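K.L.:
Sharing a sequence plus its predicted fold:
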Amino acid sequence: MIGVLLAQVGTPAEPTAKAVRPFLRRFLSDRRVIDYPPLLWQPLLRGVILAVRPKRSAQLYARIWGEEGSPLLAISRRQQSGLQQRLGDRYKVELGFAYSEPDIAQAISRLEAAGVERILVLPLYPQYSSTTTAAIYDAACFAALGKNRRSGPSAKRFVPELRLAGAFFDHTGYIRAMQTHLAALLQRLPQPPDHVLLSFHGIPQRYADSGDPYPEQCRETARRLAEAMGWPPEQWDLAFQSRFGPETWLGPSTGEQLQRLADRGVKRPLVFAPGFVSDCLETLYELGVEAREDFNARSAGASDADGFTLAPCLNDQPDWLDVLAEVVRDQTQGWING
């Protein structure tokens with residue numbers, strides 16, 4: 001049996017400051033995410049950020065919380081179930097989060113308890129970034145080794161064989177799944193959008209300057225999707241969202257681009273986030289609430305009914321889960337014969 005670890009960043013268990021605080025502490029303490037020296041960063045994180053930000057973040061999570069709880073967790077569970085159904089009993093699929101439960105170490109332990117000796121680590125990030133993909137690699141490798149850090153002790157004697165699935169930013173199936181998804185959405189709209197904005201999560205510009213390939217992979221995804229959709233260059237733009245801290249981040253920002261569109265008289269933008277395969281706080285609130293309200297306030301005559309449209313992520317759509325299964329089979333060639 002082959003193990004498959006579906007990996008994501010994670011989510012707080014509840015939309016409360018008490019639940020958000022440990023999630024943010026783990027997330028913002030990862031030096032893949034924030035690479036400042038700990039002696040400088042940790043006092044600021046623990047003394048200021050974690051004293052203020054959890055309450056604010058909890059309020060935002062409360063705006064998107066559903067009957068099933070965290071949207072990211074609920075959608076990820078459906079992705080896990082759908083992928084398991086497609087792969088059959090020669091595979092065992094587990095879900096693991098980097099900074100919350102069910103965490104990656106727990107997922108690795110469950111796979112090993114089931115007798116799995118070979119594990120494919122599949123980060124659910126189409127574009128590689130050291131802040132996401134590499135952070136998952138770190139967590140999965142250390143969990144498999146039974147270590148918390150490179151120099152720490154290990155109680156494990158057997159280490160399963162790992163394969164680390166790479167980015168799929170230019171995978172034809174991923175592009176095709178987005179094309180099908182957006183084409184179906186466009187057919188349901190009462191009027192076609194007058195512009196398309198593709199919004200990706202940002203990273204500090206310094207990370208890109210020092211070798212992170214993320215922005216170029218985002219641009220290639222956007223280019224391929226626009227080509228598949230038949231959008232001419234003047235019909236779409238690319239932007240980066242979720243800036244944090246005082247550093248210069250990738251640009252232009254999503255807010256800046258929406259402001260430009262409003263200034264140009266755009267009334268019906270379609271916004272889509274190709275870098276997220278599961279709806280979460282960054283899509284449901286940051287784009288679906290905050291960006292929508294900002295755009296409609298700036299665009300005279302626009303309204304929720306006929307103005308701003310946010311396309312959902314691929315989530316658990318059958319076409320997308322078929323692509324995930326294809327990726328797993330391709331990545332595990334040689335492990336299963338026949």
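P.N.:
Right, received. Where do you want to start?
K.L.:
Now the lowest-mean-pLDDT helix or strand in the chain: buried residues?
P.N.:
Of all helical and strand segments in the chain, the minimum by mean pLDDT, DSSP states H and E falls on helix 292-298, at a mean of 91. By neighbour count, with 16 or more other CB atoms under 10 Å as the criterion, the buried positions of helix 292-298 are Arg292, Asp294, Phe295, Asn296. Using the backbone N, CA and C atoms, a C-beta is placed for each residue, glycine as well.
K.L.:
which residues of the protein fall in strands?
P.N.:
Taking DSSP state E as the test, the strands found in the chain are 2-8, 91-97, 118-123, 161-164, 195-201, 236-241, 269-272, 309-310.
K.L.:
what's the spacing between the least confident helix or strand of the chain and its chain's center?
P.N.:
24 Å (CA atoms, centre = their mean, to the nearest Å).
K.L.:
related to what we said a few turns ago, how about the strands of the chain, which one is nearest Lys147?
P.N.:
Checking the strands of the chain against Lys147 by CB to CB gives strand 161-164 as the closest, at 13.5 Å.
K.L.:
Flag every buried residue along the closest one.
P.N.:
In strand 161-164, counting by 16+ other CB under 10 Å, buried: Leu162, Leu164.
K.L.:
and that strand, what's its mean pLDDT?
P.N.:
Strand 161-164 carries an average pLDDT of 97.
K.L.:
could you dump that strand to CSV, C-alpha only?
P.N.:
Extracted in CSV, the C-alpha atoms of strand 161-164 (Å, rounded to 0.1, in the frame of the first residue of the first chain):
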residue,chain,number,x,y,z
GLU,A,161,10.6,6.0,1.8
LEU,A,162,9.4,9.5,0.8
ARG,A,163,8.8,11.2,-2.5
LEU,A,164,8.2,14.9,-2.6
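K.L.:
quick one: strands adjacent to it?
P.N.:
Partners of strand 161-164 in the sheet, by DSSP bridges, are strand 118-123 (parallel).
K.L.:
contacting residues around the partner strand?
P.N.:
For strand 118-123, contacts defined as CB atoms under 8 Å, 6 or more residues apart in numbering pick out 2-8, 108, 111, 132-133, 136-137, 140, 144, 160-165, 324, 327-328, 331-332, 335.
K.L.:
closest to Leu45 among the buried residues of helix 292-298?
P.N.:
Nearest member of the buried residues of helix 292-298 to Leu45, counting by CB to CB, is Asp294, at 28.2 Å.
K.L.:
what residues are up against that closest one?
P.N.:
The contact partners of Asp294, by CB under 8 Å, 6+ apart, come to Gly255, Leu258, Gln259.
K.L.:
could you redo the last one with a cut-off of 10 Å?
P.N.:
Contacts for Asp294 were tallied using CB atoms under 10 Å, 6 or more residues apart in numbering; they are Thr254, Gly255, Leu258, Gln259, Ala262, Phe308.
K.L.:
List only buried entries from the residues you listed.
P.N.:
Counted by 16+ other CB under 10 Å, the contacts of Asp294 give Thr254, Gly255, Leu258, Gln259, Ala262, Phe308 as buried.
K.L.:
any idea what sits nearest the last one, other than its immediate chain neighbours?
P.N.:
The shortest distance from Phe308 to any residue other than its chain neighbours is 4.6 Å, reached at Arg292 (CB to CB, 6 or more residues apart in numbering).
K.L.:
again with the fourth one
P.N.:
Using CB to CB, 6+ apart and skipping residues adjacent in sequence, the residue nearest Gln259 is Arg298, 6.2 Å away.
K.L.:
residues contacting the one you found?
P.N.:
Counting by CB under 10 Å, 6+ apart, Arg298 touches Gly255, Leu258, Gln259, Leu261, Ala262, Asp263.
K.L.:
Ok, Ser70 next?
P.N.:
With CB under 10 Å, 6+ apart, Ser70 has these contacts: 10-15, 19, 61, 64, 76-77, 100, 280-281.
K.L.:
Which pLDDT value belongs to the nearest residue to Ser199 once chain neighbours are set aside?
P.N.:
With CB to CB, 6+ apart as the criterion, Ser199 has its nearest non-adjacent residue at 4.6 Å, and that residue is Thr254. Thr254 carries a pLDDT value of 97.
K.L.:
For Leu182, see how far away the residue most central in space within the chain is.
P.N.:
Geometric centre of the chain, nearest residue: Phe276, 4.1 Å, by CA atoms, centre = their mean. Phe276 sits 14 Å away from Leu182, taking CB to CB, to the nearest Å as the criterion.
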